[in-house]
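Participant: how does the following fold in three dimensions:
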Amino acid sequence: MSVSWLIPVRDGAAWLGDAVGSALAECDAHDQVVVVDDGSSDNPRQSVEDDSRILWLEQGPLGIAAALEYGRSHCIHPYIARLDSDDVALPGRIRAQVQALDADPSLAVVGGKAEIFCDEGAVPEGMARYVAWVNGLQDLHREILVESPLFHPGVLMRASALDHVGGYRGGDLPEDYDLWLRLDRAGFGLAAVSELVVRLRDRPGRLTRTDPRYRQAAFEQVKKEWLKTGPLSSARKVAVWGAGKTGKRWLRWLKAEGHDVHAVLDVHCRTERQGVPVLAPERLVDLEVDCLFVAVGARGARASIRSQIQTLRADWAEGSDWWALT
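Facilitator: Next comes the predicted model:
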C-alpha cells in the first residue's frame, strides 16, 4: 500500500533535512513526502536535497492545524504517515504499521513506540514519564481520557478515516488528541505496533511546550466533548474515585452537567465533598451506578485503583463501565 508522508515545518531548517531524509529512507519509488512550509523565515527547503518524491507546499503562518489540512488535501495515497520537522522516523516503521492497517480494516491510526532525546541536557522527567506511559499502553481506547495515547509524529493513518471525521480541526485545542477522540467516537480503532517508530526531539521551542492549545484546560475541553457525546450523552448516575484536586475538578463538572453523582470514593473518608457522600473504596462492591470515573493525579495511584476495581468489581470493564480521567 502506497504512503504519503505529511511534514509541516516552521523555521525548522536546522532539523528538516534529517526528518525528510528519514522519511525518504522508508519510501518506495511511488510514495510521496508532502512538506508544508507554514510561514518559515529560515528557508527550510535549502536544507533538503532534491528528490522527485517530495511535494513542497507553502502557506502564510496559519498554524499547524491549517498546515496539516493543506498538506492532507495534497496527499494522494490511502495511508498518511505523520512526522514533525525536528523528529526522525526509524527504519522498519512503515512496514510494521502498514501490516497492522492492512490486517484490520477497522483501524484508523497505528502508532508505535518512541525514543526521546535532547540535543543538549537531559530529557525533563515529565516528558520521559509520558513517553514511557505511551510506550507501555496495551489498550489505547481504555485509557484515552488519561492523555493522548499516540505520538502524533509516529502514526500512520488511514486517509479515508480522516475524511470520514473531517480531518484536523483548528481552534483552541490540541489538534492531534482531538482527532484521536473523534476517530474513537466514530467507531474507528486506534492501535500501536511494538516496534520503535520515531525519535522525538525534546527542545524548549517544541509546540507542546509553547503553544497554549496544549495546556491542560484545552485537553480537558476535548475530553468533555467526547464524554458528552459518548458515556455521558444522557443523564446518568455516576461515582468519582478521588477527592483530591483532580477529583474535585471533575466532580464539579459532572454535577454542573446535571448528572447524579452518587458517591465519591476516597481512602480518606471525609463526610462529604461538594454535597456528595464520601465512601471508603471497599463500598464499591455494592455501589449501584452507571459509570465510575477514576480521577486521581498521584503517581502510581491509577494502577493501584485499577487492581482494586478488578478485585471489587470483576464484572466491570475499563473503557465501558469505568474510565480513568486526568
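Participant: neighbours of the closest residue to Phe188 other than its chain neighbours, how many?
Facilitator: Leaving aside its chain neighbours, Phe188 sits nearest to Ala108 (3.6 Å; criterion: CB to CB, 6 or more residues apart in numbering). For every residue, glycine as well, the C-beta is placed using N, CA and C. Using other CB atoms under 10 Å, Ala108 is surrounded by 26 other residues.
Participant: do the same with Lys248
Facilitator: Other residues lying near Lys248 total 16 when counted by other CB under 10 Å.
Participant: show the contacting residues for the residue nearest to Phe188.
Facilitator: The contact partners of Ala108, by CB atoms under 8 Å, 6 or more residues apart in numbering, come to 157-158, 161-162, 183, 188-190.
Participant: kindly recompute the last result at 10 Å.
Facilitator: Shown in contact with Ala108 (CB atoms under 10 Å, 6 or more residues apart in numbering): 101, 155, 157-162, 164-165, 179-180, 182-184, 186-191.
Participant: tell me if it really is in a strand.
Facilitator: Yes: using DSSP: H, G, I helix; E, B strand; the rest coil, the assignment for Ala108 is a strand.
Participant: check what pLDDT it gets.
Facilitator: Note for Ala108: predicted pLDDT of 98.
Participant: quick check: buried residues in the longest strand seen in the chain?
Facilitator: Scanning the chain for the longest strand, with DSSP state E as the assignment, gives strand 189-201. By neighbour count with 16 or more other CB atoms under 10 Å, strand 189-201 contains the buried residues 189-193, 196-201.
Participant: mind checking what secondary structure Cys75 has?
Facilitator: coil.
Participant: which phi and psi does the spatially closest residue to Cys75 that is not a sequence neighbour have?
Facilitator: Nearest non-adjacent residue to Cys75, counting by CB to CB, 6+ apart: Ser4, 3.6 Å away. Ser4 has phi and psi values of phi -110, psi 120 when expressed as degrees, to the nearest 10.
Participant: picking up where we left off before, the residue nearest to Phe188 and Val285: what is the separation?
Facilitator: Separation of Ala108 from Val285 (CB to CB, to the nearest Å) stands at 37 Å.
Participant: now do Ala89
Facilitator: 48 Å.
Participant: who's more crowded, the two?
Facilitator: Remark: of Ala89 and Val285, Ala89 carries more neighbours, 27 against 9, as counted by other CB under 10 Å.
Participant: now the more buried one, nearest residue through space, not along the chain?
Facilitator: Leaving aside its sequence neighbours, Ala89 is closest to Ser22 (4.1 Å, by CB to CB, 6+ apart).
Participant: check contacts around the one you found.
Facilitator: So Ser22 contacts 5, 83, 87-91, 93, 198-199 (CB under 10 Å, 6+ apart).
Participant: what angle sits between the helix or strand hosting it and strand 189-201?
Facilitator: Assigning secondary structure by DSSP states H and E places Ser22 in helix 13-25. Angle of helix 13-25 versus strand 189-201, following axes from the mean of the first three to the mean of the last three CA atoms, to 10 degrees, is 130 degrees.
Participant: how far does stretch 200-211 stretch from start to finish?
Facilitator: End-to-end distance for stretch 200-211, by CA to CA, to the nearest Å: 17 Å.
Participant: mind jotting down where the strands sit in the chain?
Facilitator: Under DSSP E, the chain gives strands at 3-9, 32-38, 54-59, 79-82, 88-89, 107-117, 156-158, 189-201, 237-241, 260-265, 272-273, 276-279, 291-295, 322-325.
Participant: dump these into JSON lines; add distance to Asp18 as well.
Facilitator: JSON lines is the format used below for these (distance: least, CB to CB, whole Å):
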{"stretch": "strand 3-9", "distance to Asp18": "11"}
{"stretch": "strand 32-38", "distance to Asp18": "13"}
{"stretch": "strand 54-59", "distance to Asp18": "14"}
{"stretch": "strand 79-82", "distance to Asp18": "16"}
{"stretch": "strand 88-89", "distance to Asp18": "6"}
{"stretch": "strand 107-117", "distance to Asp18": "12"}
{"stretch": "strand 156-158", "distance to Asp18": "20"}
{"stretch": "strand 189-201", "distance to Asp18": "9"}
{"stretch": "strand 237-241", "distance to Asp18": "45"}
{"stretch": "strand 260-265", "distance to Asp18": "49"}
{"stretch": "strand 272-273", "distance to Asp18": "51"}
{"stretch": "strand 276-279", "distance to Asp18": "53"}
{"stretch": "strand 291-295", "distance to Asp18": "40"}
{"stretch": "strand 322-325", "distance to Asp18": "36"}
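Participant: return the member of the ones you listed having the minimum mean pLDDT.
Facilitator: Mean pLDDT is lowest for strand 272-273 among the strands of the chain, at a mean of 88.
Participant: run me through the strand neighbours of that strand, direction for each.
Facilitator: strand 276-279 (antiparallel) (DSSP bridges).
Participant: just list the residues touching the residue nearest to Ile94 when sequence neighbours are not counted, thanks.
Facilitator: Closest residue to Ile94 apart from its sequence neighbours, by CB to CB, 6+ apart: Glu26 at 4.5 Å. Glu26 sits next to 3, 5, 33, 81, 83, 89-95, 97, 197 when contact means CB under 10 Å, 6+ apart.
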